[in-house]
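K.L.:
I need the structure of the sequence given here:
(one chain, ligands or ions: 2)
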Amino acid sequence: MGLFYCSAVESVGKNNRQSHFSDDTTSVTKAIDFKYIVSDDPFFEGKIADYSKKIKAQIVKFEEFPKVLEESQGQIAKLIFYISRHELEAKHQSIHDTLKLNPTLMCSFIVRAPIDYTGYMSLFIEEELFFTNVPDDAPTIFLVKSLVNAFTSLQMVVDKFELQKRINVSTNEISKLTRIGISLANEKDFTKLLRDILTSAREISNSDSGSLYLVEKDEKGNPRNLRFKISALDLDSDEFILPINKKSIAGYVAYTGKQLNIPNVYQLSGNEEYKFNSEFDKMSNYYSKSMLVVPMKDHHDEVVGVIQLINRKRNFQTKLTLEDMKSTAVLEYDKYSEELVMAVAGQAAVAIQNNNLIHDIETLFEGFVTASVSAIESRDPTTSGHSFRVAQYTVGLAESVNAIAVGRFKDVHFNTSQIKEIRYASLLHDFGKVGVREKVLVKAKKLEDYELDLIRWRFQFILKDVEAKLNHKKIDYLQKHGKSGYSNFEKSIDLEYQLEKDKLEEMVRIIVESNEPSILEKGHSNFLEEISKLSYQTTDGNQITLLAPKEFNFLSIRKGSLDFEERREIESHVEHTFQFLSKIPWTKELKMVPAIAHGHHEKLNGGGYPRGLTAVEIPVQAKMMAIADIFDALTDQDRPYKKAVPLERAFDILKMEVRDQHIDGDLLDIFIESKAYEKILHKRLET
Ligand SMILES: [Fe+2]
Ligand SMILES: [Fe+2]
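P.N.:
Ligands and ions are numbered 1, 2, ... in the order given. Next comes the predicted model:
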């Protein structure tokens, strides 16, 4: 090659992060310091022979200049042109073109010309590339110093370039870390979160594979063991458990809280406290070589998990073969990778902890809701389980709506949060019954037991009084007439008594029958009215009304067991529910809970309560809940005043509700056709 000093100088970059500034950001190979002097001076080699060690550059003849490009192969090369003004002026165009095409050539010009030469200013080559002029007759030491200074100046340019590149890479990695932080903080699906953490850690460290473990705690909150959660390899193994001790690599990191950076796991010295388990390699036909294992620590500095990264490569996208894994294609993890992965691990720990906290809060809230619903249902054991079943039916219907691809609801889709919203609204829809008096809430018949007992006793008393009156008549007869004709008299009195007794007993029978919440017969209604007008004068002279107005009013209720005021009180539960739910600071995703629950007794035709909303005003979730609510009331077996109706009859009644424009027919069709109720109903029938 005609090189005077022919050894490209190998040196490690000025700091050990040199590798991150090359195109291959993972390389840790030593960078070669390419330094060249291109000269057209035939005596140049001889002139500086004594200074070769000081200059440390290859000398290239001017005509061989393109070889510099071959040798440096696109890497940064420092190049000083020490050429005559004539050569420069003759070749400046081609030199300029070559430099333009090869931006990694860092050039400087020392012109063999008198000190006052300024002809280069009119050439294509940028003025700032000219370092100095050195006349051929100048002392050699002057030339050498100029060369050394020119290289120093070029090195400064290279350093600046490298520094800029380093800043760019760091900026890129910081933005990557920021993106990771944001995406981890926003991920609510825990399994996906763990997968994102592992992928992020692998990407930022160019790791071929990796695994993630979580620390499990006992009831007292002390670390119990390490649970393997996910692996980048498709390991056909379920989650397994590792003890937190120094024996395994992941266990060691969890136990000590310190990261491990192992260049080659098959070349451990044997003095380590941990051992590498090669079983996974065998199981998955893999070859683990370099390994970086870092703890995920929360803000209390407690280890919540471990990220294990395996086989660092030059480029994350590269797929490694088994042979590659055993070769130099796998790199050791450097300090910088450790720092980046630690940054990811820190963010991951916070995300995991946040996720756990959210999960804890949700569990707490879920427990509170369940306890509240159980408490309210315990006030009326006859409707026990109603709220839970309505929640299941409504959620089942919502999921069926999601699956529908045709019809009015084909574009309606409830996401996970909305399904949760529907579930909470359904669970708590009757919570307002807490504001309804228990005697009204559980009222099964028109009169309370004690009220009916009072009527019975009254009639019993009247009968006794009738008996006493008739006995007096018998005594009077005996006193006046003796035994003569007494037998016939007694018979007529006993007949009178029997007639009175039958009359009173018939009245009681009608009263008892009218007390039932079923639809009041017209005949009963008229008879009750007659009874209510009757009164009886006792032997003491007191006037007794057979049926008090209040009793008559209750017994005259046409359907059900409640009078107008009591019905109003029961209906007020919806408003109580809404008031109660509105006081809960629901998250954004659940903010519709009060409104959905508020609409569960509304009817499409505006005849519902409490607000008389019409079809367009009632949220679809409330329309679904209305169907579930009625369906459960019909099929519930527990209500003493009403027998559970068979499924087909329940559907017929619901269809009647559709005809009366109370509930949505399309939603009912989906409910019936999808059999959204089946699983829950069968489960209940089995128990
Ligand atoms: Fe209700
Ligand atoms: Fe209900």
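K.L.:
use CA for all of it now, contacts and neighbours both
P.N.:
Will do.
K.L.:
tell me which element Tyr450 falls in.
P.N.:
helix 449-481 (DSSP states H and E).
K.L.:
avg pLDDT for that helix?
P.N.:
For helix 449-481, the mean pLDDT works out to 95.
K.L.:
same for that helix, what does it pack against?
P.N.:
helix 486-514 (3 or more C-alpha pairs under 8 Å, 6 or more residues apart in numbering; DSSP states H and E).
K.L.:
helices or strands up against the helix it packs on?
P.N.:
On a contact count with 3+ C-alpha pairs under 8 Å, 6+ apart, helix 486-514 meets helix 449-481, helix 522-533.
K.L.:
following the shortest one, which helix or strand comes up?
P.N.:
If you walk from helix 522-533 toward the C-terminus, the next helix or strand you reach (DSSP H and E) is strand 535-537.
K.L.:
and the next element down the chain from that following strand?
P.N.:
Heading C-terminal from strand 535-537 (DSSP H and E), you reach strand 543-545.
K.L.:
who does that following strand pair up with?
P.N.:
Its sheet considered, strand 543-545 pairs with strand 535-537 (antiparallel) by DSSP bridges.
K.L.:
and the residue nearest the centre of the chain, helix, strand or coil?
P.N.:
What sits nearest the mean C-alpha location of the chain, by C-alpha atoms, centre = their mean, is Lys188, with 2.6 Å. When classified by DSSP: H, G, I helix; E, B strand; the rest coil, Lys188 comes out as coil.
K.L.:
so how far is Thr132 from Gly435?
P.N.:
97 Å (C-alpha to C-alpha, to the nearest Å).
K.L.:
likewise Gln93?
P.N.:
Distance, Gln93 to Thr132, by C-alpha to C-alpha: 20 Å.
K.L.:
neighbour count for the two, which is higher?
P.N.:
Thr132 (20 against 13; other C-alpha atoms under 10 Å).
K.L.:
hmm, Phe109 and the more buried one touching each other?
P.N.:
Yes. Counting by C-alpha atoms under 8 Å, Thr132 does reach Phe109; the two are 7.1 Å apart.
K.L.:
assign the residue lying farthest from the centre of the chain to helix, strand or coil.
P.N.:
Here the chain reaches farthest from its C-alpha mean at Ser484, the gap being 100.2 Å by C-alpha atoms, centre = their mean. Classification of Ser484 by three-state DSSP places it in coil.
K.L.:
domain assignment for the chain?
P.N.:
Domain assignment for the chain, taken from automatic domain parsing, gives 2-171, 188-358, 378-436+565-686, 449-560.
K.L.:
for the record, mean pLDDT for the second one?
P.N.:
Meaning domain 188-358. 90.
K.L.:
what about that domain, start to end distance?
P.N.:
First residue to last in domain 188-358 (C-alpha to C-alpha) measures 9 Å.
K.L.:
just to revisit the earlier point, and the domains of the chain: which comes nearest Leu177?
P.N.:
Taking C-alpha to C-alpha, domain 188-358 is the member of the domains of the chain nearest to Leu177, at 6.8 Å.
K.L.:
return the distance of that closest one from the chain's centre.
P.N.:
Remark: domain 188-358 is offset 24 Å from the chain centroid, using C-alpha atoms, centre = their mean, to the nearest Å.
K.L.:
try stretch 601-610
P.N.:
Worked out by C-alpha atoms, centre = their mean, stretch 601-610 lies 35 Å from the chain centre.
K.L.:
ok, residues contacting it?
P.N.:
If you take C-alpha atoms under 8 Å, 6 or more residues apart in numbering as the criterion, stretch 601-610 is touched by 571-572, 574-575, 599, 611-616, 618, 626, 661-664.
K.L.:
out of these, which are buried?
P.N.:
Among the contacts of stretch 601-610, the ones that count as buried by 16 or more other C-alpha atoms under 10 Å are 571-572, 574-575, 599, 612-615, 618, 626, 661-664.
K.L.:
which among those residues gets closest to Lys53?
P.N.:
Of those, the one sitting nearest to Lys53 (C-alpha to C-alpha) turns out to be Ile618, at 90.4 Å.
K.L.:
now that closest one: phi and psi?
P.N.:
phi -90, psi 130 (degrees, to the nearest 10).
K.L.:
give me the nearest residue to it, chain neighbours excluded.
P.N.:
Distance criterion C-alpha to C-alpha, 6 or more residues apart in numbering; nearest residue to Ile618, sequence neighbours excluded, is Gly599 at 6.2 Å.
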